[in-house]
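Undergrad: This is a predicted model, with the sequence first.
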Amino acid sequence: MNALSIHNLRKTYQNGFEALKGIDLEVQQGDFFALLGANGAGKSTAIGIISSLVNASSGTVKIFGYDVKTQRDLAKSCLGLVPQEINFNQFDTAKNIVLNQAGYYGIPRKLALQRTEACLKQVDLWDKRDTMSRRLSGGMKRRVMIARAMVHAPKLLILDEPTAGVDIEIRRSMWEMMKDVNAQGTTIILTTHYLEEAESLCRNIAIIDSGKIIEHSDMASLLTRLHVDYFILDLAQAVKNPILKGYEIKQISEKVLEIGVPKERGLNDLFAQLSAANIQVVSMKNKSNRLEQLFINLIDGKNARES
Amino acid sequence: MSVFIAFKTIVRKEIYRFIRIWPQTLLPPAITTALYFLIFGKLIGDRIGTIHGVSYMNYIVPGIILMSVITHSYANVVSSFYSTKFQRNIEELLVAPVPNGIILAGYISGGILRGVLVGVVVAVISLFFTPLTIQNPLMAISVCLLTATLFSLAGFINAILAESFDDISIIPNFVLTPLSYLGGVFYSVDMLPQIWQHISLGNPILYMVNAFRFSVIGASDVDISLAFLMTGGFIVLLTIFALWLLHRGTGIKS
């Protein structure tokens, strides 16, 4: 069953801006799905329509088979949303924010208290439950929103840039938490500007650009389309303009090289040539995240075709 | 059942809000009305004598109580709902399966509760200046509740349509306060020249103040059944308008 089905969804704002130009999208139940796009591409509008915060101009959205227009309450019951911006009452405590949300979903008080405790513990905020939310750090505020979105145990959780502005340690712990939530059966749709986040967490992906879906496939097959991987090599000794047959080389500094490795050649051949040239490698890392490279290629490719 | 839980949650949140900030919500009306009673009731009132057979102090008490109910029921809803909109935590309600009618009922109930609570505070303050005997308690409660409902609805609509904090102070300053002062709170319309008596009859607050005054001291300048009819009619109209705005998503959805 599809957790989310979108058909020919369009949105034109009152000022005439066409944010969505007829998108189709399907997300399978249990998936961890990445919805990527540059700023202004249409992600937030799409999420706004899915979560009933924005009125669609036309098209249909179904959440677990329930139409968000005609079966509004059933569709909403299946959905949890972590928005991009902090949108809770900053003068309320973390506990009250989560507890009230449970109430809006019709969860009886006693059960709501139990779920609030469980969700705040899951995001490691139970100790801060009585702290006024405006006194919490940025990362804690984001975790309050995650706890709030999970309190009614939604079947579909939409996370709109949940780790924006969060330090790496908290981001990693949030990744683990999201993986756990997904492993327990919750379908997750993630939007993020940290593409390594999408690459490491998500199984399927859609890329939206200028209101259109330009890519919709599984992560693994998408990444195989990247023909060249770029690596940064730190060398033991300084070298000058080395030549390695079949590889694109850029000298970053005396002891640092950037090497483009075509998929068909592989790393063994590269290291064989490096050894033959008596170049000793101290360490090696990816120049950029693979998905990032692909994302740029796709957007650039589309722009080139259009121009 | 689940919508009733949602309703209770909104009402509980509203009560918590105005109780938490009681120095802004409950204390000022106590101080302001104490000054009204002292200046208008005691100092000036003693020189005015009686109106409709009661002392001036007794005459103005019902009007001041109802004026406080009007002001605070309106202020509660307009400030609470606009803040909710401004901080975008209205989205908490919009993503949840809460019907528009429940959102409206929850906020209106919060406004009614604060309006009535302030009315009780003002009534208690008035006891320090004059004994207060309510002739028709049932009618007094009905008028108080209906008036609080009407002005809570008006506050809700103002909050929906407001685009800035300035917009939520325009109606209270330029409409509500003048209409309250000209609604016979401090005088009987009989005291006005003929032309102003006719003009005053177009002020809906005059009917509510007089209905409440009638329930307390048994004196009124207007027909009480017309006052109930008018208040009820406005409540129905404003409820329909507020629900229509919510359905369209005016001011709260793109």
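TA: On my side now, so go ahead.

Undergrad: just checking, A:Val27 touches A:Thr187?
TA: Yes - with contact defined as C-beta atoms under 8 Å, A:Val27 counts as touching A:Thr187 (6.4 Å). No exception for glycine: its C-beta is placed from N, CA and C like everyone else's.

Undergrad: got any residues that touch both of those two?
TA: A:Ala3, A:Leu4, A:Phe33, A:Leu156 (C-beta atoms under 8 Å, 6 or more residues apart in numbering or on different chains).

Undergrad: what about the second one, which helix or strand?
TA: Read it as A:Leu4. Applying DSSP states H and E as the criterion places A:Leu4 in strand A:2-12.

Undergrad: Buried residues in the one helix or strand A:Leu222 maps to, which are they?
TA: Under the criterion of DSSP H and E, A:Leu222 resides in helix A:219-224. By neighbour count on 16 or more other C-beta atoms under 10 Å in any protein chain shown, the buried set for helix A:219-224 is A:Met219, A:Leu222, A:Leu223.

Undergrad: and what of stretch B:50-57?
TA: B:Ile51, B:Val54, B:Ser55, B:Tyr56, B:Met57.

Undergrad: Give me the buried positions along the helix or strand hosting B:Gly155.
TA: Using DSSP H and E, B:Gly155 sits in helix B:137-161. Residues of helix B:137-161 classed as buried by neighbour count (16+ other C-beta under 10 Å): B:139-140, B:142-160.

Undergrad: quick one on the thing from earlier: pick out whichever of A:Val27 and A:Thr187 has more residues nearby.
TA: Neighbour count, other C-beta atoms under 10 Å in any protein chain shown: between A:Val27 and A:Thr187, A:Thr187 has more, with 26 against 23.

Undergrad: Contact partners for the one residue in the stretch 51-200 of chain A that gets nearest to chain B?
TA: Chain B sits closest to A:Gly106 of the stretch 51-200 of chain A, with a gap of 2.4 Å, by C-beta to the nearest C-beta. A:Gly106 sits next to B:Met1, B:Ser2, B:Val3, B:Ile5, B:Ala6, B:Pro97 when contact means C-beta under 8 Å, 6+ apart.

Undergrad: so how many other residues sit close to residue 10?
TA: As the question left the chain open, I've gone with chain A. 16.

Undergrad: should've been chain B
TA: Here the number of neighbours of B:Ile10 (other C-beta under 10 Å) works out to 24.

Undergrad: Mind telling me what element it is part of?
TA: helix B:2-20.

Undergrad: what do you get for A:Val282?
TA: Per DSSP H and E: A:Val282 is located in strand A:281-286.

Undergrad: What pairs with that strand, parallel or antiparallel?
TA: Paired neighbours of strand A:281-286 in the sheet (DSSP bridges): strand A:228-235 (antiparallel).

Undergrad: what does chain A put close to chain B?
TA: For chain A, the contact set with chain B under C-beta under 8 Å from any C-beta of the partner chain comprises A:13, A:45, A:48, A:51-55, A:72-74, A:76-77, A:79, A:81, A:83, A:85, A:87-91, A:96, A:100-101, A:103-109, A:148, A:152.

Undergrad: got a list of what the residue of the stretch 151-254 of chain B found nearest chain A touches?
TA: Closest residue of the stretch 151-254 of chain B to chain A, C-beta to the nearest C-beta: B:Ser254 (4.6 Å). For B:Ser254, the contacting residues are A:Tyr13, A:Thr45, A:Gly48, A:Leu53, A:Val54, A:Asn55, by C-beta under 8 Å, 6+ apart.
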